[in-house]
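Trainee: can you look at this prediction? I've put the sequence above it.
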Amino acid sequence: MSYFTIAGVQMHALHHGDNTEAMRHRVDVLMSRFPQVQMVVFSELMPMGASPHHAEPMPSNAEALFCQIAEQHRIWLIPGSMFEQVDDRVYNTLSVINPHGQVVARYRKMFPFCPYEAGVESGGEFVTFDVPNVGRFGVSICYDMWFPETTRTLAAMGAEVILHPTMTDTIDRDIELSIARTNAAVNQCYFFDINGAGAIGNGRSIVVGPSGDVIHQAGTGE
């Protein structure tokens, strides 16, 4: 039997501002303590905070930094998501970075959560990617999972694991824990729902197995 080890990082961060150096430090510490980790996943909008005013075209300087981190530690890295500027449009975009520091995919959130994401455009493409000799992974972001067709489509595309950064700081988190378990069970996949803490989320990240069993559920802190 072989293992593929994924770390979900639930951390405190600025709601509006640059959190990239704090994320770099967190990965450095994580990899020092747990060198067996092969993939690291952060929560939604962690790098630059939750304001669309920080939107940048991609590739961006922040994304380039994460590419350096992934290559340095030889890990797959999903650094949450960032607001992406495309002409006069803004998307909530997630980057998938491989251990060589290459961006292998970008996913734009399909269901921006209004009114909080007013003015943010919807993406139009499902995204999966393959980790060689491991399996196929799918990605979605926060409110996307409230629509069962999103996870169902990723599973139909062959995804065995869904990586799902979220930024929830409301009472909706109780419902999301049930949705995460349901999505995993009905689609027979692993579901990694990683939330922020403090100003950028109320925690309770959850990892669920294909039978809907809770592998781990975090508390509200880091």
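Mentor: Nice, thanks for sending it over.

Trainee: C-alpha from now on. contacts and neighbour counts both.
Mentor: OK.

Trainee: elements contacting the strand ranked longest in the chain?
Mentor: Selection of the longest strand in the chain by residue count, based on DSSP state E, yields strand 89-97. In terms of contacts (3 or more Cα pairs under 8 Å, 6 or more residues apart in numbering; DSSP states H and E), strand 89-97 is packed against helix 61-73, strand 76-78, strand 82-86, strand 103-108.

Trainee: what's the angle between that strand and helix 61-73?
Mentor: 10 degrees (axes from the mean of the first three to the mean of the last three Cα atoms, to 10 degrees).

Trainee: list the buried residues in strand 89-97.
Mentor: Across strand 89-97, burial judged by 16 or more other Cα atoms under 10 Å covers Val90, Tyr91, Asn92, Thr93, Leu94, Ser95, Val96, Ile97.

Trainee: same check, this time on stretch 65-77
Mentor: Applying 16+ other Cα under 10 Å to stretch 65-77 flags Phe66, Cys67, Gln68, Ile69, Ala70, Glu71, His73, Arg74, Ile75, Trp76, Leu77 as buried.

Trainee: any low-confidence regions in the chain?
Mentor: Across the chain, residues meeting the criterion (pLDDT under 70) sit at 1.

Trainee: so which residues of it form strands?
Mentor: Using DSSP E, strands in the chain cover 6-8, 39-41, 76-78, 82-86, 89-97, 103-108, 127-131, 135-139, 161-165, 190-194, 206-208, 214-217.

Trainee: off-centre distance for the last one?
Mentor: Centre-to-centre, strand 214-217 and its host chain are 17 Å apart (Cα atoms, centre = their mean, to the nearest Å).

Trainee: now that strand: buried residues?
Mentor: Of the residues in strand 214-217, Val214 count as buried by neighbour count, 16+ other Cα under 10 Å.

Trainee: what packs against it?
Mentor: Partner elements for strand 214-217 (3+ Cα pairs under 8 Å, 6+ apart): strand 206-208.
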